[in-house]
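Visitor: 3D, please:
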Amino acid sequence: MTQDIASPPPIVLVTGPSGAGRSTATRALEDFGFEAIDNMPLSLVPRLLDGRPAAGPLALGLDTRNRDFGVPELLDVLARLRGDGTYSAKLLYLDCRPDQLVRRFSETRRRHPFAPEMPIATAVEEERALLRPIAEQADVLIDTSDLSPHELRAALTRFFALEDGPGLQITVTSFSFKRGLPQDLDTVFDVRFLANPHWDEALRPLDGRDPKVAGFVEADPNFAAFFARVTDLILSLLPAYITEGKTSFTIGFGCTGGRHRSVAVAEKLAKTLAEAGWRVSIQHREQDRGRS
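Guide: Below you'll find the predicted structure:
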């Protein structure tokens, strides 16, 4: 992301009581395009800021368990950031009700990192009391008590998603069912019901990227309705996945050999999505493997 003097790079300090979602929030900011450093020692933040300003957005996760953490020190760093104009600084505070924090630590059977020797409920109360002055300075305060990780990411999207950030990366892939499903597919469509160019001797040596094969596949009476419904479905789902905080989405088309029908349909959908303004890459597994 290009920055200039009139637009200082954003920096987000992320903190809050243990168990409230700091690490989840920091990872989400990284997915949005921030350079993220979690568990950043507070004493190292001034050294980081004394160097040349970052070219892009930064997110720093600050944890009370670090030995040099201190409320006055964090507030001093925040005041410096807000005052010198080098960065556009925001403090993100993740809060959570004490009963929910106790439940989360009890379910994982972990000791509370703030004070492992104390009962969990006591450690929770003491940590929240320590952090109260920081919470009062928050630019964005999110109560995660009743939020799932996906809901937290969705909430963060409203405040921190970058206009020129990575956005949702879509991958459309073709494959052969005979060789199994590719890993990490989000949704898959079986196109073996379409007419198979394999049985046409002139088309057999070609693959679905050839206009002759694509024309053969699209001439199937079942193709037009199928493709229209798949396109409508995908275009209706993508905004919802962004709201859920998803940063990548992989669509698979499979046929018998992975050379003709699946390739042709994958190519057509990728082109349709790109024309609609989505960021799309395409993979043809069997061609990429160099197999016929």
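Visitor: Low-confidence stretches in the stretch 101-250 of the chain?
Guide: 108-109, 111, 113-116, 161-167, 245 (pLDDT under 70).
Visitor: Check the offset of the helix or strand harbouring E127 from the chain's centre.
Guide: Assigned by DSSP states H and E, E127 falls within helix 120-135. Its chain's average C-alpha position is 30 Å from that of helix 120-135, according to Cα atoms, centre = their mean, to the nearest Å.
Visitor: just stretch 244-260 next, same as before
Guide: Relative to the chain's own centre, stretch 244-260 is displaced by 18 Å; criterion: Cα atoms, centre = their mean.
Visitor: repeat for stretch 89-96
Guide: Counting by Cα atoms, centre = their mean, stretch 89-96 comes out at 19 Å from the chain centroid.
Visitor: residues making contact with the helix holding E127?
Guide: Contacts to helix 120-135, defined as Cβ atoms under 8 Å, 6 or more residues apart in numbering, come from residues 15-19, 64, 71, 74-75, 91, 93, 95, 98, 101-102, 105-106, 111-112, 114-116, 118, 141. Backbone N, C-alpha and C define where each C-beta goes, glycine included.
Visitor: What would the following helix or strand past that helix look like as PDB? C-alpha coordinates only.
Guide: Reading on from helix 120-135 to the C-terminus, the next helix or strand found by DSSP H and E is strand 140-143. This file holds the C-alpha atoms of strand 140-143, laid out as PDB (Å, rounded to 0.1, in the frame of the first residue of the first chain):
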ATOM      1  CA  VAL A 140     -12.300   0.900  19.500                       C
ATOM      2  CA  LEU A 141     -13.600  -1.300  22.400                       C
ATOM      3  CA  ILE A 142     -15.200  -4.600  21.500                       C
ATOM      4  CA  ASP A 143     -16.800  -6.800  24.100                       C
END
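Visitor: The chain should start at 635 in everything you say after this.
Guide: OK, 635 is where the count begins now, so the last one is strand 774-777.
Visitor: Neighbouring strands - and their directions - for strand 774-777?
Guide: Strand 774-777 sits in its sheet next to strand 722-729 (parallel), going by DSSP bridges.
Visitor: now the partner strand and helix 754-769, what's the angle there?
Guide: Per axes from the mean of the first three to the mean of the last three Cα atoms, to 10 degrees, the angle that strand 722-729 makes with helix 754-769 is 160 degrees.
Visitor: mind listing what's buried in strand 722-729?
Guide: By neighbour count with 16 or more other Cβ atoms under 10 Å, strand 722-729 contains the buried residues A723, K724, L725, L726, Y727, L728, D729.
Visitor: Check stretch 677-693 too.
Guide: Quick answer for stretch 677-693 (16+ other Cβ under 10 Å): V679, L683, A688, P691, L692, A693.
Visitor: Flag whichever of those scores worst on pLDDT.
Guide: Minimum pLDDT for the buried residues of stretch 677-693 is recorded at A688 (63).
Visitor: Show me where the stretch 735-884 of the chain has its strands.
Guide: Here the stretch 735-884 of the chain has its strands, by DSSP state E, counting those that start in this stretch, at 774-777, 803-810, 821-824, 882-889.
Visitor: Any chance of CSV for those, columns mean neighbour count and distance to K902?
Guide: Converted to CSV, the strands of the stretch 735-884 of the chain look like this (neighbours: other Cβ atoms under 10 Å; distance: least, Cβ to Cβ, whole Å):
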stretch, mean neighbour count, distance to K902
strand 774-777, 17, 41
strand 803-810, 22, 9
strand 821-824, 14, 12
strand 882-889, 22, 10
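Visitor: now those as a markdown table including distance to L715?
Guide: Listed next are those as a markdown table, based on distance: least, Cβ to Cβ, whole Å:
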| stretch | distance to L715 |
| --- | --- |
| strand 774-777 | 15 |
| strand 803-810 | 31 |
| strand 821-824 | 43 |
| strand 882-889 | 32 |
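Visitor: mind checking which of those is nearest R792?
Guide: strand 774-777 (9.5 Å; Cβ to Cβ).
Visitor: Run the chain-centre distance for that closest one.
Guide: 20 Å.
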